[in-house]
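>>> got a predicted structure plus its sequence, pasted below:
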Amino acid sequence: MDKIVMAKRAASEKAAQYVRDGMVVGLGTGSTAYWAIQKLGEMTKNGLQIKAVATSNQSEALAKELQIPLIAFTDIDGIDVTIDGADEVDDEWNLIKGGGGALLREKIIASASKELIVVADEGKKVEQLGKFHLPVEIVQFGYELTLRKLASYGCIPHLRMSGEKRFITDNGNFIVDCEFGRIEQPSELHVALNMIPGVVENGLFIHLATKVIVGFGDGSVRELGR
Ligand SMILES: O=C[C@H](O)[C@H](O)[C@H](O)COP(=O)(O)O
């Protein structure tokens, strides 16, 4: 198995150990969270009793395929634990997410979770956020204007494409990948970007992660301390 895949899988399988009978579990999105969902599928097959909510149509489909029981939001008060990946994690455990375009649903579910366990390969750990272009979900109407506003915050905005077409999120919106280079003040930027009319949500996850598990190419894992 490829070393990065091994790292992603190891971190995800470690995170799954925190899931207990009776929990409501948030299923993340992406190539790392994929392994957590796989592991939870195996655990439910072996008798683990959980109910899950998914952060994307893709993860929901995978959960169904693995026969992980899903529950409607109307039937839960909150979420016990969510396991999700990240594109970048800094020393404060602030994150950039949304590389797969799922940031809005991910943030709604992370915000409703008592625990957000972030699973990542070692390449995702950074000292400062911003090398990865920050994904921002925007409504389609007037997107040219929203792009200009985003640029006024010091980034080069790239409207995300999927082949020849514009990428459309599960919520019917566009994604703009904002090239900042370095993000000096993530908390302030997070608030400022969400104030722009047309912006639905941005991929900065500030103080939401409660645990970060990093996987390595040799299959070992490390839980980060703060
Ligand atoms: O929109 C996608 C999510 O935020 C992913 O969790 C993030 O992009 C990390 O994905 P991956 O585990 O595939 O690197």
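Noted; the coordinates are in hand. Fair warning: this is a prediction, and the values are worked out from it, not measured in the lab.
>>> give the buried residues for stretch 65-81.
Residues of stretch 65-81 classed as buried by neighbour count (16 or more other C-beta atoms under 10 Å): 66, 68, 79-81. From N, CA and C alone the C-beta is placed, and that goes for glycine too.
>>> in strands, which of those residues fall?
Assigned to strands by DSSP state E, the following of the buried residues of stretch 65-81 qualify: 79-81.
>>> which of the residues you listed are close to the ligand?
Among these, proximity to the ligand is found for none (C-beta under 6 Å from any ligand atom).
>>> ok, and the closest non-adjacent residue to N57?
The shortest distance from N57 to any non-neighbouring residue, by C-beta to C-beta, 6 or more residues apart in numbering, is to D170 (5.1 Å).
>>> how about the residues of the protein near the ligand?
28-33, 84-87, 97-103, 106.
>>> now a ChimeraX select for only the buried ones of those.
Burial among the residues of the chain next to the ligand is assessed by 16+ other C-beta under 10 Å; the matching ChimeraX selection reads:
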select :28,29,30,32,33,84,85,86,87,97,98,99,100,101,102,103,106
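>>> the lengthiest strand in the chain: partners in the sheet, and parallel or antiparallel?
For the chain, the longest strand by residue count, based on DSSP E, is strand 113-121. Here strand 113-121 is paired, per DSSP bridges, with strand 79-84 (parallel), strand 211-215 (parallel).
>>> can you give the contact residues for the next helix or strand after that strand?
Using DSSP states H and E, the helix or strand that follows strand 113-121 in sequence is strand 134-138. With contact meaning C-beta atoms under 8 Å, 6 or more residues apart in numbering, strand 134-138 is reached by 87, 96-99, 101, 103-104, 146-147, 150, 155, 157, 160, 169, 171, 173-178, 180, 183, 193, 198-204.
>>> reformat the ones in strands among the buried residues of stretch 65-81 as JSON lines; add pLDDT.
Output for those, formatted as JSON lines (pLDDT from 0 to 100):
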{"residue": "I79", "pLDDT": "98"}
{"residue": "D80", "pLDDT": "98"}
{"residue": "V81", "pLDDT": "98"}
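>>> does V119 have beta-bridge partners, and which?
Under the criterion used (DSSP bridges), V119 bridges to I213.
>>> contacting residues for it?
V119 neighbours (C-beta under 8 Å, 6+ apart): 8, 11-12, 14-15, 28, 32-33, 35-36, 83-85, 213, 215.
>>> need the pLDDT of M1.
pLDDT recorded at M1 is 79.
>>> nearest residue to it other than its sequence neighbours?
M1's closest residue in space is R9 (C-beta to C-beta, 6+ apart), at 7.5 Å.
>>> would you agree that neighbour is in contact with I213?
No: using C-beta atoms under 8 Å, R9 is not in contact with I213, being 11.6 Å away.
>>> picking that back up, narrow the contacts of strand 134-138 to those in strands?
Using DSSP E, the contacts of strand 134-138 in strands are 96, 157, 174-178, 199-202, 204.
>>> what is the nearest of those residues to K131?
I96 (9.0 Å; C-beta to C-beta).
>>> and the closest one, how many neighbours?
27 (other C-beta atoms under 10 Å).
>>> report pLDDT for G225.
pLDDT at G225 comes out at 76.
>>> buried ones in stretch 43-59, by neighbour count?
For stretch 43-59, by 16+ other C-beta under 10 Å, it's 43-44, 48, 50-56, 58-59.
>>> in a markdown table, list those along with secondary structure.
Formatted as a markdown table, the buried residues of stretch 43-59 follow (DSSP: H, G, I helix; E, B strand; the rest coil):
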| residue | secondary structure |
| --- | --- |
| M43 | helix |
| T44 | helix |
| L48 | coil |
| I50 | coil |
| K51 | strand |
| A52 | strand |
| V53 | strand |
| A54 | strand |
| T55 | coil |
| S56 | coil |
| Q58 | helix |
| S59 | helix |
